[in-house]
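Q: Sharing a model that was predicted from the sequence below.
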Amino acid sequence: MGESSSSAIPYDSLKDFINPIRIFGHPVRSVTSPAALDTAQSNHITFCTQTGEKALAAIARSRGGIVLCRDDLPNLEKKEILNCIFTVPNPRLSFMKCLQKFFAPERPVGIHPTAIIEKDVPVPDGVYIGPMAHLCSGVRLGEGAVIEDRVYIAPNTRIGKNVYIQVGAVIGCEGQGFERTATGEFEKFPQLGNVVIEDDVEIGANTTIIRGTLSATKIGRGSKIGHHVNIGHNAEIGRHVFISAGAIVCGSAQVGDCSWLAPKCCIRNKVFVGRNVTVGLGSVVVTDVPDGLTVVGVPSRVAKK
């Protein structure tokens, strides 16, 4: 990740990496950094996601050295262009890949001296464990995992390769499993399970993932979980799911692959959310949702197309 964060990136290196559909305008010798479209200068690479005449006007106003844009802009080839234009299928995606390749900082590696790592926790190659992080007995980390400051990882948690856990997250704490007695008092259900996080997952700051009651709470490969999210015991999150900040996934709920949960939404316990589902901002999902739907509201309902 990130070949360079300050030196100039040659034009040919960018062109070969991006592999644009078409090129217009005036090639630059190099660029030194990325920038937003409205603030970019001749030494910057930038992008435009707008369409039609709005896109053409925005590009005309920009002073960016290289601008990534859609290939279907009207009469693009007839415009007088002062910058260098690369047309691509998805400008934002191509720009993001450029950031990762040429500008993003390398992942950190090493163990901070204040980290607490219990004696039976092996640390594989390429791992970073930050200040005051605490890895309890039986934790297993995959290669390339990043555990930032003050992260707590409970016993027997399994974390895959290249997992990134941000500041203050709590992984595998005990859930609130209680049952009332005949006299109205609470009897505690000991939480004896664990958490399994597959490869390439990212977990935001101050997020809590509660361990399973008897088995595991599972987070599928490639899923991205935002800040201040709460995932209950025995929940199962599929692969490549995006869970936005402040969302709550209650105990034993299931979320299918490639679904998108908007900020502050809530999935009721034991509810099944299918594949490629979108859950709207602040929605409360209380019944199962089949594959491919968009649901919104409190309680949630299928959005009109």
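A: Happy to help now that I have it. In this text, all values refer to a predicted model and were calculated from it rather than measured experimentally.
Q: And for G256, the neighbour number?
A: Neighbours of G256 under the rule other CB atoms under 10 Å: 21. (Each C-beta comes from the backbone N, C-alpha and C, glycine too.)
Q: which ones are touching it?
A: For G256, the contacting residues are G238, V241, F272, V273, G274, R275, N276, V277, D291, by CB atoms under 8 Å, 6 or more residues apart in numbering.
Q: 7 Å - rerun?
A: With contact taken as CB atoms under 7 Å, 6 or more residues apart in numbering, G256 is in contact with G238, V273, G274, R275, V277, D291.
Q: helix or strand for the residue nearest to it when sequence neighbours are not counted, which one?
A: Distances taken as CB to CB, 6 or more residues apart in numbering place R275 nearest to G256, at 3.7 Å, with adjacent residues excluded. If you go by DSSP states H and E, R275 is not part of any helix or strand.
Q: And R275, how close does it get to D291?
A: Distance, R275 to D291, by CB to CB, to the nearest Å: 5 Å.
Q: now P113
A: Distance, P113 to D291, by CB to CB: 49 Å.
Q: So how do I select the buried members of the contacts of G256 in ChimeraX?
A: Remark: buried members of those, expressed as a ChimeraX selection using 16 or more other CB atoms under 10 Å:
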select :238,273,274,275,277
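Q: Kindly indicate which of the contacts of G256 lies nearest V201.
A: Among those, G238 lies closest to V201 (CB to CB), at 11.5 Å.
Q: can you pull the contacts of the closest one?
A: By CB under 7 Å, 6+ apart, the neighbours of G238 are G220, V255, G256, D257, S259.
Q: Domain boundaries for the chain, per the record?
A: Domain assignment for the chain by automatic domain parsing gives 9-103, 110-302.
Q: Format those domains as TSV; extra columns: mean pLDDT.
A: Listed next are those as TSV, based on pLDDT from 0 to 100:
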stretch	mean pLDDT
domain 9-103	92
domain 110-302	97
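Q: Just name the most buried of these.
A: domain 110-302 (a mean of 19; mean count of other CB atoms under 10 Å).
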